[in-house]
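Enquirer: need a 3D model of the following:
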Amino acid sequence: MPAPAFGSADFKVFDAKGFGRRMTDIRARIRPKLEALGHSLGPAIQHATGEPTFPHVAKHARRTVNPPDDTWVAFGPDARGYKKHPHFKVAVSRNCVRFLFEVGPEHADKARWAAAWKKNAPKLGPVLRGKGLAWFRNEHDETPAAELGDLAPDKLAALADELTRTRDGQLVLGRAIPAADAAGWTEAQYRTAALEAFRTLAPLYHLK
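Expert: Numbering: from 1, shown residues only. Take a look at the predicted model:
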């Protein structure tokens, strides 16, 4: 199994023009590493959440024309899919690797989860601040919209509204590592960074 560490050539895959060429490169270079990362991280994430954890590597099956700007392995509690549940994700794109927690557009009960976030925001704030974590407007964004440590308590609580504002609403939190830095990381450094982010964000996995 390939080592789950990404080098500079892996990030350059996203420079490839055209759907067919980029997808071929993603399948050949990046997907095997995401599968290895899923195998490596799954047991530790299961331990952190206390629930069965299943890795899901993106297949981009709905795409036929526009090449993806990122790809990922997601971790959720259902072997059949992750999108209806809160989930963790390691995403790779041209300029960074992101370690994310997401409640996405297809979550089964976004209104309930948003209410739980607002209720628990006062005690979640101190846990999430000071860990280099940020809020991203969209799951595909490479640049965060705000550092969590810079948000006042009311602004942190108001992030829940991102879920319910539109049908495609989502809440995405995590950390982005520039490709220039991540390209020099070892497998152990990837694992450490991912688990540090996911363990900090683990309380969000069980919000009720």
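Enquirer: need the helices for the protein, in chain order.
Expert: For the chain, helices defined by DSSP state H occupy the ranges 8-11, 19-25, 31-49, 110-128, 153-158, 161-164, 179-182, 187-201.
Enquirer: can you pull the contacts of the closest residue to Ala91 other than its chain neighbours?
Expert: Nearest residue to Ala91 in three dimensions, chain neighbours excluded: Trp72, at 3.9 Å (Cβ to Cβ, 6 or more residues apart in numbering). No exception for glycine: its C-beta is placed from N, CA and C like everyone else's. In this structure, Trp72 makes contact with Leu34, Val57, Ala58, Lys89, Val90, Ala91, Val92, judged by Cβ atoms under 8 Å, 6 or more residues apart in numbering.
Enquirer: my guess is the third one contacts Gly81, does it?
Expert: No. Ala58 sits out of contact with Gly81 when judged by Cβ atoms under 8 Å, with a separation of 11.6 Å.
Enquirer: what number of residues lie near Ala58?
Expert: The criterion is other Cβ atoms under 10 Å. On that basis, Ala58 has 19 neighbouring residues.
Enquirer: er, Gly169 I mean
Expert: Other residues lying near Gly169 total 17 when counted by other Cβ under 10 Å.
Enquirer: I figured it hits Glu139, correct?
Expert: No. Counting by Cβ under 8 Å, Gly169 does not reach Glu139; the two are 11.5 Å apart.
Enquirer: list the contacts for the closest residue to Pro4 other than its chain neighbours?
Expert: Leaving out its chain neighbours, the residue that sits closest to Pro4 by Cβ to Cβ, 6+ apart is Leu37, at 3.6 Å. Leu37 is in contact with Pro4, Pro55, Val73, Val90, Tyr190, Ala194, counting by Cβ under 8 Å, 6+ apart.
Enquirer: distance-wise, check the last one relative to Ala121.
Expert: This means Ala194. Ala194 is 25 Å from Ala121, where distance means Cβ to Cβ, to the nearest Å.
Enquirer: and the first one, by the same measure?
Expert: Taking Cβ to Cβ as the measure, Pro4 and Ala121 are separated by 34 Å.
Enquirer: same deal with the third one?
Expert: From Val73 over to Ala121 the distance is 29 Å, taken as Cβ to Cβ.
Enquirer: higher neighbour count, these two?
Expert: Of the pair Val73 and Ala121, Val73 is the one with more neighbours under other Cβ under 10 Å, namely 27 against 19.
Enquirer: in contact with the more buried one, which residues?
Expert: Contacts here follow Cβ under 8 Å, 6+ apart; on that basis Val73 touches Leu34, Glu35, Leu37, Gly38, Pro55, His56, Val57, Ala58, Lys89, Val90.
Enquirer: how about Leu163?
Expert: Val103, His107, Lys110, Ala111, Trp113, Ala114, Trp117, Gly169, Gln170, Leu171.
Enquirer: filter those down to the buried ones.
Expert: When neighbours are counted using 16 or more other Cβ atoms under 10 Å, the contacts of Leu163 contain these buried positions: Val103, His107, Lys110, Trp113, Ala114, Trp117, Gly169, Gln170, Leu171.
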